[in-house]
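> with the input below, show me the fold.
(one chain, ligands or ions: 1)
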Amino acid sequence: MIIAIDGPAASGKGTLARRLAAHFGLRHLDTGLTYRAVAAALLVKGLPLGDEAVAVEVARNLDLAQMDKSVLSAHEIGEAASRVAVLGELRNELVKLQQKFAATPPGAVLDGRDIGTVVCPNADVKLFVTASVAARARRRTDEILSKGKEADYASVLEDLKRRDARDSGRTVAPLKQAEDAHLLDTTEMDIESAFKAAVDIVSRARLS
Ligand code: CDP
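Coordinates of the predicted model:
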């Protein structure tokens, strides 16, 4: 079974994906981390984020098991990741890795921006998780503060708007809801209600 979850930054799709995977006994891949890992490697080498030849090389050698979420989830790396994510050849490499992960038994939950549209167009269930940009900025600000770092709501809001525009506006694999995806708007939901709603959608889809 493959569950595809897409949505904009800080919509809560990562937490939902992790919990759905645990609930249904599936493996989980946060595909955002693959773009973050490539961006972080370019930053460490002091190279421009548009250096596609190096980005592709890094992607070819990427070991999914070695990605360090605690380092890669930094807010600034998200911005850099969305800048490398416009590179078509790089996306081809990462999509191959992600599809290999998805095809490995017993199945998987993948979350990202193009899972239902490009990576796993034949997924058994597709969810498009969203929330108002204000709610997402609030959540992301609280998340950064809870890690003991500084964050300011207004600049996080601007960052998310810029990233949404770049992710939705790019020509290759833009962020968009697949036609057969179930929409889950979590603006008014806490994580527990969002999780219950997602389990309901997946359980119903499995029966049909
Ligand atoms: O956690 P957050 O929602 O902030 O971001 P993320 O899911 O880690 O993704 C970081 C960036 O990677 C996004 O802004 C996208 O530009 C890019 N990305 C993508 O293009 N395709 C994916 N399947 C996943 C992420």
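> A123 sits in which helix or strand?
Using DSSP states H and E, A123 falls within no helix or strand.
> and the pLDDT for it?
Looking at A123, its pLDDT is 97.
> one more: T171?
Per the predicted model, pLDDT is 94 at T171.
> ok, it - contacts?
V86 (C-beta atoms under 8 Å, 6 or more residues apart in numbering). Every residue, glycine included, has its C-beta placed from N, CA and C.
> could you check how far the residue nearest in space to the middle of the chain is from G46?
By C-alpha atoms, centre = their mean, the chain has its centre lying nearest to G112, at 2.8 Å. The gap separating G112 from G46 is 27 Å, by C-beta to C-beta, to the nearest Å.
> same thing with D159?
In terms of C-beta to C-beta, D159 sits 23 Å off from G46.
> now do the contacts for A197.
Applying C-beta under 8 Å, 6+ apart, the residues contacting A197 are L184, M189.
> ok, now with 6 Å
By C-beta atoms under 6 Å, 6 or more residues apart in numbering, the residues touching A197 are L184.
> now do the phi/psi pair for it.
phi -60, psi -40 (degrees, to the nearest 10).
> rewinding a little: D30 is in contact with the residue nearest to the centre of the chain, correct?
No: taking C-beta atoms under 6 Å as the definition, G112 is not a contact partner of D30, at 7.6 Å.
> for the ligand, what are the nearby residues on the protein?
Taking C-beta under 6 Å from any ligand atom as the test, the list of the chain residues beside the ligand reads 9-10, 14, 31-32, 35-36, 78, 81-82, 85, 112-114, 163, 167.
> no further queries at this time; thank you.
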